[in-house]
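Peer 1: Compute the structure for the input listed below.
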Amino acid sequence: MPNSCSLFCLLMQINFEEASNWTDRICVPASMGAIANAATYDKWFKVADGDQDGRVTGGDAVTFFQRSGLPKEVLAKVWDLANSQRAGFLDRLAFHKAMDLISIAQSGQDITRDNYLAAVEQGISLPQMAGLEGIGGPGSEDGTSAFGGASTSGMRPAQVSNSSGYDSAELSPRWAPADQSSAYAASPSRAKRTLGASRSTKKPIPQRVVTSIVDGLKQVYFSKVRPLEEQFKFGSFFSPLLHESDFEAKPSVLLLGQYSTGKTTFIKFLLGRDYPGCHIGPEPTTDRFVVVQHGLEERRTPGNTLAVQPDKPYQGLSVFGTGFLSRFEGASCPAKLLEEITIIDTPGVLSGEKQRIERNYNFIDVCEWFAARSDLILLLFDPYKLDISDEFKQVISTLKGHDDKVRIVLNKSDQVDQQQLMRVYGALMWSLGKVFKSPEVCKVYIGSFNSDAPIDKAKNPHCVELFEAEQAQLLHDLYEIPSRSCDRKVNEFVKRVRAFRIHLLILGHIRKQMPAMFGKDKAQRKMLDKLPEVFYQVQREHHLPAGDFPDVNRFRNILSAFDFANFSKLSKSMVKQIDDVLSIDVPNLVRAFDNPYQ
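Peer 2: Residues are numbered from 1 along each chain as shown. Below you'll find the predicted structure:
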């Protein structure tokens, strides 16, 4: 019989192909043994989680897992498979999965995903953990061990039975700053990471305990990066300043495309149902940005309400005004996929200049805001709408720097025959090559994503297998998004800090050229006219890649609204502070929450 908790972990963490294959075989009631295992794991989780914050970090896991008596090479595999989202800690469900994997290893099997799937189907016994035989068993109480004493959660590693043959000190987490190592030495059993600055930093990050990579990113950003972003108006040039909710947000998928290319139908295909407020038709039906998110009941939330909720990552949208917020809303429904990701439906990109001008908000800037915060960006086309309008071209141009997140979906491909499909594909690639201005081609998925109608085999029977394979691949990529979410947050954070460093150097150079007393207006006009030369001088002076600089015309338009003399003077300590974030803080943060057995 399958372990009920392990089954839930599977559906949340494994990829789509495995989930779809597995769900065909799970219509079996959970056994009492599986329920008892889950209850025991919950009690063990409280033992492993010494500070009861709901997270078992690498140091906690080292202390607790060594009770199994398994060698560290095996426990390293356990951590990797259980920590599928690479968050640097195990939550309750991931901890349950780790316990199942330990049981599999103790039975003599290899730690692989296939073995895990097979074992879950057959039933998994409780692992043997030294000192925990009585916890969770019949007649035992929480916090007591098999020996009738107190729980061993507070023991130091040396006090716990260590039959695996290695010293727990060898597995201590690697700290980012050398001057913070004493914090760990003072509390080795809890093994939480304290992130700080290097000795050379004049203003170190305030000491606090962080238990995940996301916590560490927030600490670095709000203590080191954001104060300088505010000082040098970075939010006006690049993207609005980040809030805590931006770091905690679920992974999101942004859908862009011209009207009637099947964006809303595509969402319905993914969810297997309609979302509240959706409407499908051949005309432009979606007239607003809709955040499709998980909720226990169907509900629509106005945009102004979403923008003021501190637990939602949409506070930054307030800068686009009421005109946009009246065309923005949230739609909640109890769909399984939405427990892991959020989907953003968008209005169809228009081709008429008159229609575009009548929008009372900047559509291009809003798309850029969502693109910067999305994990995956899908551009939808259909065989009868391959032309790329001027507005769509502008939207695509805002995706510069996010090329790794862009995917192309050629929807409704079953509406043309094989010969026409070949021509359509060639024409699409030619059009995209002109817009993206890059020899590298984006990944293109070909298929018909319509939950209400199967693939039409009449017009193109030869490509049915291709369509099915492409659909499976796209769904596989979508279901893998949560496992890459933490890596994506680190990647986006580093991209933002790199962009800010260049912004800092540009404004510092401009401020340095301004006269102290007279002729400021003339000097400012001259600087705006010669902005490409300013970019070139900064590039040469600091040895920066030309491709990392912002668009000069857009930068000039924004810069012209400011008085250059009011910008702060750039000091070497400011530049060093940002350099330390890129070269010291972020690498050490990632290293600290890597596999604790490596």
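Peer 1: for residue 399, what are its contacts?
Peer 2: Applying CB atoms under 8 Å, 6 or more residues apart in numbering to residue 399 gives the contacts 371, 377, 406. Glycine gets a C-beta too; all of them are placed from N, C-alpha and C.
Peer 1: let me redo that: residue 556
Peer 2: Applying CB under 8 Å, 6+ apart, we find residue 556 in contact with 528, 531.
Peer 1: so it, which of the three states?
Peer 2: Under DSSP: H, G, I helix; E, B strand; the rest coil, the three-state class of residue 556 is helix.
Peer 1: Of the contacts of residue 399, which is the nearest to residue 563?
Peer 2: residue 371 (30.6 Å; CB to CB).
Peer 1: Residue 362 versus that closest one, what's the distance?
Peer 2: To residue 362, residue 371 is 14 Å away according to CB to CB, to the nearest Å.
Peer 1: neighbour count winner among those two?
Peer 2: Neighbour comparison, residue 371 and residue 362: the larger count goes to residue 371, with 22 against 14 (by other CB atoms under 10 Å).
Peer 1: re earlier: let me have the contacts of residue 399 in TSV, extended by pLDDT and secondary structure.
Peer 2: Output for the contacts of residue 399, formatted as TSV (pLDDT from 0 to 100; DSSP: H, G, I helix; E, B strand; the rest coil):
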residue	pLDDT	secondary structure
371	91	helix
377	93	strand
406	90	strand
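Peer 1: What is the nearest of those to residue 483?
Peer 2: Nearest to residue 483 out of the contacts of residue 399 is residue 377 (CB to CB; 18.3 Å).
Peer 1: Counting neighbours, what do you get for the closest one?
Peer 2: Using other CB under 10 Å, residue 377 has 24 neighbouring residues.
Peer 1: mind listing what it touches?
Peer 2: Applying CB under 8 Å, 6+ apart, the residues near residue 377 are 253, 254, 256, 371, 399, 402, 405, 406, 407.
Peer 1: the helices in the stretch 401-550 of the chain, which residues?
Peer 2: 418-436, 464-479, 481-513, 520-529, 531-542 (DSSP state H, counting those that start in this stretch).
Peer 1: farthest-separated two in the contacts of residue 377?
Peer 2: Across the contacts of residue 377 (CB to CB), the longest gap, 14.1 Å, separates 253 and 399.
Peer 1: And stretch 324-331, what's buried?
Peer 2: 324, 325, 327, 328, 329, 330, 331 (16 or more other CB atoms under 10 Å).
Peer 1: can you tell me which residues contact the third one?
Peer 2: When you say that, I think you mean residue 327. With CB under 8 Å, 6+ apart, residue 327 has these contacts: 287, 288, 289, 303, 347, 361.
Peer 1: Just the residues you listed: which are in strands?
Peer 2: residue 289 (DSSP state E).
Peer 1: What is the nearest of the contacts of residue 327 to residue 381?
Peer 2: Among the contacts of residue 327, residue 347 lies closest to residue 381 (CB to CB), at 16.2 Å.
Peer 1: Count residues in the vicinity of that closest one, would you?
Peer 2: A count of nearby residues for residue 347, using other CB under 10 Å, gives 20.
Peer 1: does it really touch residue 288, like I thought?
Peer 2: Yes: assessed by CB atoms under 8 Å, residue 347 is found in contact with residue 288 at 6.4 Å.
Peer 1: Then residue 330 would be within a strand, right?
Peer 2: Yes: assessed by three-state DSSP, residue 330 belongs to a strand.
Peer 1: Leaving out sequence neighbours, find the closest residue to it.
Peer 2: Nearest non-adjacent residue to residue 330, counting by CB to CB, 6 or more residues apart in numbering: residue 301, 3.9 Å away.
Peer 1: wouldn't that neighbour be in contact with residue 329 here?
Peer 2: Yes: between residue 301 and residue 329 there is a contact under CB under 8 Å: 6.2 Å.
Peer 1: Which among the contacts of residue 327 count as buried?
Peer 2: The neighbour count (16+ other CB under 10 Å) marks 289, 303, 347, 361 as buried among these.
Peer 1: OK, contacts around residue 288?
Peer 2: Contacts for residue 288 (CB under 8 Å, 6+ apart) come out as 303, 327, 328, 329, 347.
Peer 1: would you list those in a markdown table and tack on pLDDT?
Peer 2: Formatted as a markdown table, the contacts of residue 288 follow (pLDDT from 0 to 100):
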| residue | pLDDT |
| --- | --- |
| 303 | 92 |
| 327 | 91 |
| 328 | 94 |
| 329 | 93 |
| 347 | 87 |
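Peer 1: would you list those in CSV and tack on distance to residue 509?
Peer 2: Below are the contacts of residue 288 laid out as CSV (distance: CB to CB, whole Å):
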residue, distance to residue 509
303, 39
327, 39
328, 38
329, 43
347, 40
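Peer 1: For residue 579, state which of those residues is nearest.
Peer 2: Top of the list for closeness to residue 579, among the contacts of residue 288 and by CB to CB, is residue 328 at 37.6 Å.
Peer 1: With adjacent residues omitted, what lies nearest to that closest one?
Peer 2: Take residue 328 and drop its neighbours on the chain: the residue closest to it by CB to CB, 6+ apart is residue 303, 3.1 Å away.
Peer 1: Pretty sure the one you found sits against residue 325.
Peer 2: Yes: counting by CB under 8 Å, residue 325 is a contact partner of residue 303 at 4.0 Å.
Peer 1: joint contacts of these two?
Peer 2: Common neighbours of residue 303 and residue 325 are listed as residue 317 (criterion: CB under 8 Å, 6+ apart).
Peer 1: Let me see the confidence value for residue 467.
Peer 2: On the pLDDT scale, residue 467 is placed at 87.
Peer 1: I misspoke; the intended subject was residue 135.
Peer 2: pLDDT for residue 135: 67.
Peer 1: can you check the one 4 residues further on too?
Peer 2: You'll see residue 139 listed with a pLDDT of 37.
Peer 1: Kindly report the same for the one 3 residues further on.
Peer 2: Confidence per residue is given as pLDDT, and for residue 142 that number is 45.
Peer 1: Could you do residue 479 as well?
Peer 2: Looking at residue 479, its pLDDT reads 82.
Peer 1: i'd like the first residue to be 8 from this point on
Peer 2: From this message on, residue numbering opens at 8, which makes the last subject residue 486.
Peer 1: Distance of it relative to residue 588?
Peer 2: 33 Å.
Peer 1: ok, back up a step: OK, contacts around the residue nearest to residue 335?
Peer 2: Residue 310 makes contact with 295, 296, 324, 331, 332, 333, 334, 335, 336, 337, according to CB under 8 Å, 6+ apart.
Peer 1: Switch those over to CSV; also include distance to residue 134.
Peer 2: Shown next, in CSV, are these (distance: CB to CB, whole Å):
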residue, distance to residue 134
295, 51
296, 48
324, 47
331, 53
332, 52
333, 56
334, 54
335, 49
336, 48
337, 42
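Peer 1: Could you find the closest non-adjacent residue to residue 567?
Peer 2: Per CB to CB, 6+ apart, closest to residue 567 is residue 535, 5.9 Å.
Peer 1: Go through the contacts of residue 384 and say which is closest to residue 279.
Peer 2: Comparing these against residue 279 with CB to CB places residue 260 closest, at 15.8 Å.
Peer 1: Now the closest one: phi and psi?
Peer 2: With angles defined as degrees, to the nearest 10, residue 260 sits at phi -120, psi 120.
Peer 1: partners of it in the sheet?
Peer 2: residue 350, residue 383 (DSSP bridges).
Peer 1: could the contacts of residue 384 be laid out in TSV, adding distance to residue 584?
Peer 2: Shown next, in TSV, are the contacts of residue 384 (distance: CB to CB, whole Å):
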residue	distance to residue 584
260	35
261	32
263	36
378	28
406	30
409	26
412	29
413	33
414	36
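Peer 1: pLDDT below threshold where in the stretch 158-307 of the chain?
Peer 2: Along the stretch 158-307 of the chain, segments meeting pLDDT under 70 span 158-217, 287-293.
Peer 1: Helices of that one, residue ranges please.
Peer 2: 188-193, 220-227, 233-238, 241-244, 251-255, 270-278.
Peer 1: how about the ones you listed in a markdown table, adding distance to residue 319 and mean neighbour count?
Peer 2: Below are the helices of the stretch 158-307 of the chain laid out as a markdown table (distance: least, CB to CB, whole Å; neighbours: other CB atoms under 10 Å):
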| stretch | distance to residue 319 | mean neighbour count |
| --- | --- | --- |
| helix 188-193 | 33 | 13 |
| helix 220-227 | 16 | 24 |
| helix 233-238 | 19 | 17 |
| helix 241-244 | 19 | 17 |
| helix 251-255 | 6 | 17 |
| helix 270-278 | 19 | 22 |
